[in-house]
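S.K.: need a 3D model of the sequence below.
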Amino acid sequence: MSQIQKSPQPPTGLPPEPAPPPAAAPLEAAGAAWRGDLAASAVLFLLAVPLSLGIALATGAPLQSGLVASAVGGIVAGLLGGAPLQVTGAATGLLVVTADLVQRYGWRATCLITVLAGLAQLALGALRVARAALAVSPAIVHGMLAGIGVTIAIGQLHVVLGGRPDSSAVENAAALPGQLAHPHTTALLIGAVTVAVLVGWPRLPGRAGRLARLLPAPLAAVLAATAVSAGTAVPRVELPSWRLPEPPVLPDASLAALATAVLTVTLVASMESLLSAVAVDRLAAERPGTPPGRPQLNRELAGQGLANVVSGLLGGLPVSGGAIRGSANVRAGAVTRRATVLHGVWVLLCAGLLAGVLELIPLAALAALVMVVGVRMVSFAHLRHVQRHREFPVYAATSGAVVLFGVLPGVLTGIAVGIFLALRRLTHTRIQVTEESGRHRVCVSGQLTFLAVPRLTRHLAQVPPATDAVVELCGSFMDHAAYEALQSWAATHRAAGGSVALGGRSGRPLAEPVSAHSCRPWTPWRNHHCTRPAADRTAGHRSGGQLLGGVSAFQRYTAPLVREELARLAREGQRPTQLFLTCADSRLVTSMITSSGPGDLFTVRNVGNLMPPPGSDASCDSVAAAVEYAVEVLRVESITVCGHSGCGAMAALLDAAGSPPPSDEATPLARWLRHGRPSLARMARIGRLGRGEVAFAERPVADDQERLALVNVRQQLDHLRAHPCVARRTAEGTLTLHGMYFHVAEAQAYLLDERSGRFRAVRADVPAVGV
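M.R.: Below you'll find the predicted structure:
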């Protein structure tokens, strides 16, 4: 809103901003970290016990093996791993693999395979190849997990119905109609109660919901099912007396079969752990006040390997890091790795001291718990993600093959389909020849390689001799064979009396291909002279021709590139994940400063990036309506309020600060700006030094106008939290709010750390997460 204030704001004459106040005392910070870790470890313990017992039951392993895996994973991987907030335990992704190994080779042989897989992970960590695991397509990983989830859900449904699952997902699916016709009524009732509590517990409204969130849903479901099953004769948890574990033994299998089993456990456990470590790190980065730092993936892989070695030797299940446990750890307020280690200690103490309590749990409740976990492994968010990137065939092939043939064949199938699609995209080129006003236009979309040269020459032959021709290349790559074919045809066409213009997507003349391209996300320009018609440029004034020229350039160069994506959005509807509330200032190009595209941001813009509080004025409902639509209908995951430097609305508020507000504002602009007065009053209350409430982490605040812009961001966030729909979603933990400030002259974005009240510059080498 640079046009509200016609003249620049005069200097305030105030001395430079002093250094920010010192940080909290080290003892206070250490005490807060201990409290956060202790609380998080309790939440993890309450989540891990029922989950580990359920996984052990589903694999056919001894039930105490799940507790051993959770204790060893928490203590060993927690102490030695490279992702401090990662939580290791019995591996959900390995459930199907482990169940097959137990049935095929027996439990003690499965323990040896777990030990060998751990040694393989230690070797991979020493070779520092952890980053290479992240090169696997997310569609393959999510497809693998989805296939495992389907297999788990179908198998455990048999247990919930009172039966026993088979070893094959196909056999389980075929036997399901007969099992549904003759269910075990009591087991079915226990399973239904478990599922109902699991699904409904996080959705409890009001104060009951806030109290319920102190207890993890899996524990609440198991407690409810145990209470319902009291006095009934149903199978329950049986824990044998603790003794030294029997040593692992070699399986009765060939060397190739043993190597395949070890490779499968290593592959699945490593991928699940590394991807979970990255996901947990991203989740932690969204939390204000989190110290910067990236997970050390090679160390994490080695820590997972050592945990698997110890777990296998002690008679535990294979372990891996899991997104369910890791996200619970972050949301519970964990600060350091102490939370993970302490949760392992609590599981160990529980196994030794509370075995009698655990034996009250009905097996149907654990089966229902694991069944719901399997269903949730089929994530619709991942489905939308892979569909957006045109990788659904890879996802579907991987998940289908996992269900039909097993984990390792499924992953290999996904890799094969991914390679096929990559080669097809590399060789798939669309060529169109059209005639416009006597000029022939040849549009080439896709990669132009030697494989496409025959098709290219056939289409170029359709251009009549001695005519004007334009060749537009809309791909990102052209090899020398295609370049030579184009140049040869162009020379021949010119020799016959025609003209040829060879250009790329930007309309610039085509140059010989080089080894690297110079594309950038945004190209510099000034006043869009490139899209202004020549008559407007010579006249030296702006007119509607500039807008028309820009639209024409879009239709020519950009529309062919985005038409397919926009068509997909038109079919599927918008599903933005973020609401961006910012000023209407023309210098703020939201898609530029957030590197976003169609369908990414739901944007609300107004004078001064103001958010009227609820009930302030019915005439201001448009902003509240947009927020409600984004939060309730679109289900966005975050809201960002973005202020900026040189904001004319802030300057106007400062100009009016010395005079009392009129009883009836004369203009719509004056009436709108009254929603900025709480920000002005807040700045007056905290004083010029900010009292720690607003400051930059790297530099002093420049002047009162910038200080008011920063205070305004915080004030509008408070207004947002006062709206019922926002308050409810933030209390549920499904919506996060962010503050942002953009300095126009520096082209620098700052993110608000609400704990300290400081705006921190976003560095170019560390992308911000969650905004």
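S.K.: alpha carbons only for contacts and neighbour counts from here, please
M.R.: Will do.
S.K.: ok, now which ones touch Gln64?
M.R.: Counting by CA atoms under 8 Å, 6 or more residues apart in numbering, Gln64 makes contact with 53, 56, 239-240, 316, 351.
S.K.: can you tell me how far the residue lying closest to Leu95 once chain neighbours are set aside is from Arg104?
M.R.: Counting by CA to CA, 6 or more residues apart in numbering, Leu95 lies nearest to Thr59, which is 6.0 Å off, once chain neighbours are set aside. When distance is defined by CA to CA, to the nearest Å, Thr59 is 12 Å away from Arg104.
S.K.: what is the nearest of the contacts of Gln64 to Ser616?
M.R.: Comparing those against Ser616 with CA to CA places Leu53 closest, at 53.1 Å.
S.K.: ok, that closest one - contacts?
M.R.: Leu53 touches 63-64, 66-67, 366, counting by CA under 8 Å, 6+ apart.
S.K.: residue ranges with poor pLDDT in the stretch 501-650 of the chain?
M.R.: Applying pLDDT under 70 to the stretch 501-650 of the chain flags residues 503-546, 617-619.
S.K.: again, 50 this time
M.R.: The model of the stretch 501-650 of the chain has pLDDT under 50 over residues 505-521, 523-528, 531, 534-541.
S.K.: do a quick rundown of the helices in it.
M.R.: According to DSSP state H, counting those that start in this stretch, the stretch 501-650 of the chain carries its helices in the segments 534-539, 544-553, 559-572, 590-593, 621-628, 648-655.
S.K.: right, so the ones you listed: which one is the most enclosed?
M.R.: Mean neighbours per residue, mean count of other CA atoms under 10 Å, is largest over those for helix 648-655, with a mean of 22.
S.K.: with just CA atoms, put it into PDB.
M.R.: Written as PDB, here are the backbone C-alpha positions of helix 648-655 (Å, rounded to 0.1, in the frame of the first residue of the first chain):
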ATOM      1  CA  GLY A 648       1.300   3.100   3.500                       C
ATOM      2  CA  ALA A 649      -1.300   1.900   5.900                       C
ATOM      3  CA  MET A 650       1.200   1.900   8.800                       C
ATOM      4  CA  ALA A 651       2.300   5.400   7.800                       C
ATOM      5  CA  ALA A 652      -1.300   6.600   7.800                       C
ATOM      6  CA  LEU A 653      -1.900   5.100  11.200                       C
ATOM      7  CA  LEU A 654       1.200   6.900  12.600                       C
ATOM      8  CA  ASP A 655       0.100  10.200  11.000                       C
END
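S.K.: by contact count, what packs against it?
M.R.: helix 677-686, helix 704-721 (3 or more CA pairs under 8 Å, 6 or more residues apart in numbering; DSSP states H and E).
S.K.: same for the shortest one, what does it pack against?
M.R.: What that stands for is helix 677-686. Applying 3+ CA pairs under 8 Å, 6+ apart, we find helix 677-686 packed against helix 648-655, helix 704-721.
S.K.: would you mark the buried spots in the longest one?
M.R.: Right, the one you point to is helix 704-721. Buried residues in helix 704-721, counted by 16 or more other CA atoms under 10 Å: 704-717, 719-721.
S.K.: tell me how many other residues crowd Ile165.
M.R.: One thing to correct before we go on: residue 165 is Pro, not Ile. Number of residues near Pro165 (other CA atoms under 10 Å) recorded here: 20.
S.K.: worst average pLDDT in the helices and strands packed on helix 648-655?
M.R.: For the helices and strands packed on helix 648-655, the bottom mean pLDDT is recorded on helix 677-686, which sits at a mean of 86.
S.K.: parallel or antiparallel, which strands does the helix or strand just after it pair with?
M.R.: Downstream of helix 677-686, the next assigned helix or strand under DSSP states H and E is strand 695-696. With DSSP bridges as the test, strand 695-696 is paired with strand 758-761 (parallel).
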